[in-house]
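Build me a model:
(2 chains)
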Protein chains: 2
Amino acid sequence: MKIAILGMGSVGRGLLEMIDGKELGLTVTGIADSKSALLDPDGIHIEEVLIAKRERGYCGDKSLSAADVVEQGDYDVLVEVTPTDADSGEPATGFIKTAIGRGKHVVTSNKGPIALHFSTLQSLARKHGVVIRYEATVGGAIPVLHTLEHGLAGNRVLAVYGILNGTSNFILTRMAAEGLTYEQALLEAREMGYAEADPTYDVKGIDAAIKLVILSNTIWKRNVKLSDVTITGIDMLTNDALRLAEEQHCTIRLIAEAIPEKGILRVAPRILPRTHPLVVENTLNAITIDTDMAGEITLIGKGAGSRETASACIGDLLFIKDSHARGN
Amino acid sequence: MKIAILGMGSVGRGLLEMIDGKELGLTVTGIADSKSALLDPDGIHIEEVLIAKRERGYCGDKSLSAADVVEQGDYDVLVEVTPTDADSGEPATGFIKTAIGRGKHVVTSNKGPIALHFSTLQSLARKHGVVIRYEATVGGAIPVLHTLEHGLAGNRVLAVYGILNGTSNFILTRMAAEGLTYEQALLEAREMGYAEADPTYDVKGIDAAIKLVILSNTIWKRNVKLSDVTITGIDMLTNDALRLAEEQHCTIRLIAEAIPEKGILRVAPRILPRTHPLVVENTLNAITIDTDMAGEITLIGKGAGSRETASACIGDLLFIKDSHARGN
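Predicted coordinates for the structure are as follows:
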């Protein structure tokens, strides 16, 4: 199966390393970064591209662009792994639409297009007889969308609860374990490389809310938006509150939850018993899916990281390869 | 898709209730219990059968048997949910072979055939172009086999660790929480209906070991047997040992683990930090899959129960319906 990859950040590079190192039956015929692109219908030499990127900072031919790859490339699946723009979802959304319009499947790790334009993209994909898969957008390496689609097929999902942001979970873990203040724990998260210079998206619950929107629209075929989510971050939380919770054998976690029957769609710090399956430590993510037959199923794993995100994209690619590509 | 069901214990009845209550596109054309059977190529009236079973103790026509259903039934998938015979795997294995020989897919919740005759059944299925699925045999409602097959596709699995027996986990939870002795906790498990009159399979680690064999053979395409597993149960564990672990913010769990690179295939009580994702309470099961790309993914859920087991069978049935039945 032929694939074209947009984006050579850590996820794109992780993906290329995996495709190069494993025999997955995937041939890369197009690659683009922000400055250049490469096209080769017979398959690009991945190692050379990774070396070029590392040594000179761009991957290919500066006279070619991502648009050229999307519009002219010879591929079955577009893999869109550029950075998220959570306000417009562009330019990723435009590229995805073009690929779908050409009858190509799409795999993306980009939360913007999926959170902002889910129903439009799904309708377009259906119209053109292709699929758009986005496992990497929620919970990093955790195969939550595969689980919902197949593992729990036939179940009615009643609710979903989760720790969907590793940065804020790290901060809460450190506040509880060491009695640190929020500011001290945030500083530590920055030093460890878990928090950005501007941690707003993480600590104010916006990143978790975006993922909750994606989960809700996927599970219940709804069309909720970020503005529909009631959001409270962890930045006002005191270590006194955490200490009190710990004294009761509980702790505080930033929980994203959707319970349509109760009209609940929110991200907020919640007190949970220490023994609750959702209570994970450090940067781990955890998602509980409450169903009518299987009961509560909880999935735990790494919510971020280049290899982990690439793993989710590979899962999507192999699923398309197994189930759809034969028909093309 | 037409299915025939062998077994009308709690799982079989749970399955029938679900198929009757949900629009899954499944038509039941054959049902057998230990005393009788029913065949109707146009679809059996499920509610009537459930009432008959409840009122008179058997489901259908006493002149028909399970063998008649398997050999003469008009079905696409045989659903084999009879009780496990862990020594011979019969009569289930014979029925499964017959169905495969007729070109029928198989879904089973029965650990015996899969633990004892995995490679034979897989070869036979391949030869006849059908699939045999057995999600319900490991971890109850937890879709661990789906996760391995699809969610983590492309990953190399390095190791698997799990709490695969709810009865022994309940006993350990109660010993730790209340300082009960093993005997006291076992008595409580019996009173709650979690332990059989003869708890040997559960507390001596045999049930967990059988599931570990199934997982190992599935993941690594090996042909290990129950006798290859080093097994230590929880029946010799003292509450002193548990108390000491708890004093160190740890606890003891019966862990099944397979690490082929280290030659480890064992079930034994292990000390784990209280915050470890595998440390679940009461009758929950938990499985950690360690991979080269996604890192450690942990799945937690109910390991037993009629609805939960039926949920796993439904997941398998819908997967076959989506991906294979069209070709028949």
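
how about the strands of chain A, start to end?
Per DSSP state E, chain A carries strands over the ranges A:2-6, A:27-32, A:37-39, A:77-80, A:105-108, A:132-133, A:157-163, A:230-231, A:250-259, A:264-273, A:284-291, A:296-302.

Kindly report the residues of the stretch 151-300 of chain A close to chain B.
A:151-155, A:274-275, A:277, A:279-281, A:284, A:286, A:291, A:293-300 (C-beta under 8 Å from any C-beta of the partner chain). (Glycine included, C-beta is placed from N, CA and C.)

From these, list the buried ones, please.
By neighbour count, with 16 or more other C-beta atoms under 10 Å in any protein chain shown, these hold A:151-155, A:275, A:277, A:279-281, A:284, A:286, A:291, A:293-300 as buried.

if we can go back for a sec, mean pLDDT added to the strands of chain A, as a markdown table?
Formatted as a markdown table, the strands of chain A follow (pLDDT from 0 to 100):
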| stretch | mean pLDDT |
| --- | --- |
| strand A:2-6 | 98 |
| strand A:27-32 | 98 |
| strand A:37-39 | 97 |
| strand A:77-80 | 98 |
| strand A:105-108 | 98 |
| strand A:132-133 | 97 |
| strand A:157-163 | 98 |
| strand A:230-231 | 98 |
| strand A:250-259 | 97 |
| strand A:264-273 | 97 |
| strand A:284-291 | 97 |
| strand A:296-302 | 97 |
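
any chance of the ones you listed in JSON lines, plus distance to A:T181?
As requested, the strands of chain A are exported to JSON lines (distance: least, C-beta to C-beta, whole Å):
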{"stretch": "strand A:2-6", "distance to A:T181": "41"}
{"stretch": "strand A:27-32", "distance to A:T181": "44"}
{"stretch": "strand A:37-39", "distance to A:T181": "47"}
{"stretch": "strand A:77-80", "distance to A:T181": "40"}
{"stretch": "strand A:105-108", "distance to A:T181": "38"}
{"stretch": "strand A:132-133", "distance to A:T181": "41"}
{"stretch": "strand A:157-163", "distance to A:T181": "21"}
{"stretch": "strand A:230-231", "distance to A:T181": "22"}
{"stretch": "strand A:250-259", "distance to A:T181": "14"}
{"stretch": "strand A:264-273", "distance to A:T181": "15"}
{"stretch": "strand A:284-291", "distance to A:T181": "22"}
{"stretch": "strand A:296-302", "distance to A:T181": "27"}
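
got any ranges where chain A has weak pLDDT?
For chain A, residues meeting the criterion pLDDT under 70 lie at A:324-328.

Report the outermost residue of it with respect to its centre.
A:E247 (34.7 Å; C-alpha atoms, centre = their mean).

how much space between that residue and chain B?
Separation of A:E247 from chain B (C-beta to the nearest C-beta, to the nearest Å) stands at 15 Å.

and the residue nearest to A:Q72 when sequence neighbours are not counted, how many neighbours?
Using C-beta to C-beta, 6 or more residues apart in numbering or on different chains and skipping the chain neighbours, the partner closest in space to A:Q72 is A:L39 (6.8 Å). Counted with other C-beta atoms under 10 Å in any protein chain shown, the neighbours of A:L39 add up to 19.

what's the answer for A:S65, then?
17.

Skip the chain neighbours and tell me the closest residue to it.
A:A37 (5.6 Å).

next one: A:R174
Nearest residue to A:R174 in three dimensions, chain neighbours excluded: A:A185, at 4.2 Å (C-beta to C-beta, 6+ apart).

now do A:I297
B:G301 (4.3 Å).

Could you measure from the one you found over to B:E135?
For B:G301, the distance to B:E135 equals 12 Å [C-beta to C-beta, to the nearest Å].

coming back round to it: the residue nearest to A:R174 contacts A:I171, correct?
Yes: if you go by C-beta atoms under 8 Å, A:A185 and A:I171 touch, sitting 4.3 Å apart.

So the two - more neighbours on which side?
Using other C-beta under 10 Å as the criterion, A:A185 and A:I171 rank with A:I171 on top: 31 against 27.

what residues are up against the residue most central in space within chain A?
Central residue of chain A (C-alpha atoms, centre = their mean): A:T137, 1.8 Å from the mean position. Contacts for A:T137 (C-beta atoms under 8 Å, 6 or more residues apart in numbering or on different chains) come out as A:108-111, A:114-115, A:211, A:214.

Number of residues surrounding A:S311?
By other C-beta under 10 Å, 33 other residues sit near A:S311.

if I look at it, how far off is A:K302?
Using C-beta to C-beta, A:S311 is found at 9 Å from A:K302.

give the contact list for the closest residue to A:G179 other than its chain neighbours.
Distances taken as C-beta to C-beta, 6+ apart place A:N239 nearest to A:G179, at 5.7 Å, with adjacent residues excluded. By C-beta under 8 Å, 6+ apart, A:N239 lies in contact with A:175, A:179-182.

10 Å instead?
Contact partners of A:N239, counting by C-beta atoms under 10 Å, 6 or more residues apart in numbering or on different chains, are A:174-176, A:178-182, A:184-185, A:246.

got it, and A:V213?
By C-beta under 10 Å, 6+ apart, the contact set of A:V213 is A:111, A:114-116, A:118, A:138, A:222-229, A:256, A:258, A:265.

Return the distance of it relative to chain B.
To chain B, A:V213 is 21 Å away according to C-beta to the nearest C-beta.

go on, A:D76?
A:D76 is 16 Å from chain B, by C-beta to the nearest C-beta.

thinking again about what came up before, list the contacts of the residue nearest to A:R174.
Counting by C-beta under 10 Å, 6+ apart, A:A185 has contacts A:168, A:170-179, A:195, A:203, A:234, A:237, A:239, A:242.

ChimeraX command to pick out the buried ones of those?
Command for ChimeraX, covering only those of those found buried under the criterion 16+ other C-beta under 10 Å:
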select /A:168,170,171,172,173,174,175,176,195,203,234,237,239,242
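
Looking at the contacts of A:A185, which are in helices?
Counting by DSSP state H, the contacts of A:A185 place A:168, A:170-178, A:203, A:239, A:242 in helices.

Where does the stretch 1-150 of chain A get nearest to chain B, which residue?
Proximity of the stretch 1-150 of chain A to chain B (C-beta to the nearest C-beta) peaks at A:P143, 2.6 Å away.

domain ranges for chain A?
The record's domain split for chain A, according to automatic domain parsing, is A:2-141+A:307-327, A:147-302.

before we move on, back to that, shared neighbours of B:G301 and B:E135, which are they?
Counting by C-beta under 10 Å, 6+ apart, the contacts common to B:G301 and B:E135 are B:141-144, B:311-312.

Could you single out the nearest of those residues to A:G94?
Nearest to A:G94 among those, counting by C-beta to C-beta, is B:P143 at 35.7 Å.

any idea how far the residue in the stretch 151-300 of chain A that chain B sits nearest to is from B:A141?
Residue of the stretch 151-300 of chain A nearest chain B, by C-beta to the nearest C-beta: A:G151 (2.6 Å). For A:G151, the distance to B:A141 (C-beta to C-beta) stands at 9 Å.
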